[in-house]
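Colleague: Test case, fold it:
(2 chains)
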Amino acid sequence: DAKTTQPPSMDCAEGRAANLPCNHSTISGNEYVYWYRQIHSQGPQYIIHGLKNNETNEMASLIITEDRKSSTLILPHATLRDTAVYYCIVSLRHMEYGNKLVFGAGTILRVKS
Amino acid sequence: DTGVSQDPRHKITKRGQNVTFRCDPISEHNRLYWYRQTLGQGPEFLTYFQNEAQLEKSRLLSDRFSAERPKGSFSTLEIQRTEQGDSAMYLCASSSPDRDRSEQYFGPGTRLTVT
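Modeller: Numbers count the residues shown, from 1 in each chain, chains lettered A, B, ... in the order given. Below you'll find the model as predicted:
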């Protein structure tokens, strides 16, 4: 079973920031938080991951609470092309283990003009 | 970086037939994963390879399923005696041996329809 809880759906206005929450209260000390998204009829796409520090890349920012029990993915300026299912996944890094990803149902993000 | 490719993209087969799917990972990636996704659900892990070694198999992978990666490059997933419940999207992913690059890159998937 997935170790994360996400809202089933969210709406966001185009050009505004999209903030997608994720709860992972049972995360262990050596597990990372990964975010992937899946646009309709495509394979999942990696977005970002982190352990305990906040992370930012060209796609998004990841804010992880100090107790690591929850996190928020931020898309700073959402566009219509960001409409997708967003998956928050807790996983060990692959150099120690196989890093198989356990997907939950994810959050359907709808960006509206 | 040409990305992960999968072939075919779509396959329609009759119940009881065998099917084989191919995955070509990103060239320098040593880990290769197979997942299955049914409509409305997130992908489910099936199996993974490190180079040519199959290191883990999910209980979802029944005896009718077999996966190979003979030379540590491309991989094949075969389903024997297909059943209607096998209808799904089959996704392949690969990841780098680089310690700082743990993300998985997914292919476009093979959509299987069993009639």
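
Colleague: Skipping adjacent residues, who's closest to the residue sitting nearest the centre point of chain A in space?
Modeller: Central residue of chain A (Cα atoms, centre = their mean): A:W35, 3.2 Å from the mean position. Excluding the flanking residues, the one nearest A:W35 by Cβ to Cβ, 6 or more residues apart in numbering or on different chains is A:I47, at 4.3 Å. (Glycine included, C-beta is placed from N, CA and C.)

Colleague: Hmm, that neighbour is touching A:M59, no?
Modeller: Yes: applying Cβ atoms under 8 Å, one finds A:I47 in contact with A:M59, separated by 5.3 Å.

Colleague: between the two, who's got more neighbours?
Modeller: Legend: neighbour count by other Cβ atoms under 10 Å in any protein chain shown for A:I47 and A:M59, higher for A:I47 (21 against 15).

Colleague: Provide a list of residues in contact with the more buried one.
Modeller: A:I47 sits next to A:35-37, A:57, A:59-60, A:73, A:86 when contact means Cβ atoms under 8 Å, 6 or more residues apart in numbering or on different chains.

Colleague: Please pick the buried ones from the residues you listed.
Modeller: A:35-37, A:60, A:73, A:86 (16 or more other Cβ atoms under 10 Å in any protein chain shown).

Colleague: Next one: residue 25, what pLDDT does it get?
Modeller: Chain wasn't specified; assuming chain A. pLDDT for A:S25: 93.

Colleague: other chain: chain B
Modeller: B:P25 is given a pLDDT of 96.

Colleague: ok, now B:T82?
Modeller: On pLDDT, B:T82 comes in at 97.

Colleague: likewise B:S102?
Modeller: Looking at B:S102, the pLDDT reads 78.

Colleague: same deal with the one 4 residues further on?
Modeller: According to the prediction, B:F106 has pLDDT 97.

Colleague: How about A:E96?
Modeller: 55.

Colleague: what's the closest of the contacts of A:I47 to B:Q50?
Modeller: A:Y36 (20.9 Å; Cβ to Cβ).

Colleague: Make sure the closest one is actually in contact with A:Y46.
Modeller: Yes: here A:Y36 reaches A:Y46: they are 5.6 Å apart, a contact under Cβ under 8 Å.

Colleague: Excluding sequence neighbours, find me the nearest residue to B:F106.
Modeller: Using Cβ to Cβ, 6+ apart, the closest residue to B:F106 is A:G43 (3.3 Å).

Colleague: Same check on B:S5?
Modeller: Once flanking residues are discounted, B:S5 sits nearest to B:D24: 4.6 Å by Cβ to Cβ, 6+ apart.

Colleague: same check, this time on A:C88
Modeller: A:C22 is the one closest to A:C88 (Cβ to Cβ, 6+ apart), at 3.4 Å.

Colleague: List the residues that contact the one you found.
Modeller: Per Cβ under 8 Å, 6+ apart, neighbours of A:C22: A:4-6, A:33, A:35, A:70-73, A:88.

Colleague: before we move on, the earlier item: residues touching the residue nearest to B:F106, list them.
Modeller: Residues counted as contacts of A:G43 (Cβ under 8 Å, 6+ apart) are B:4, B:91, B:93, B:106-109.
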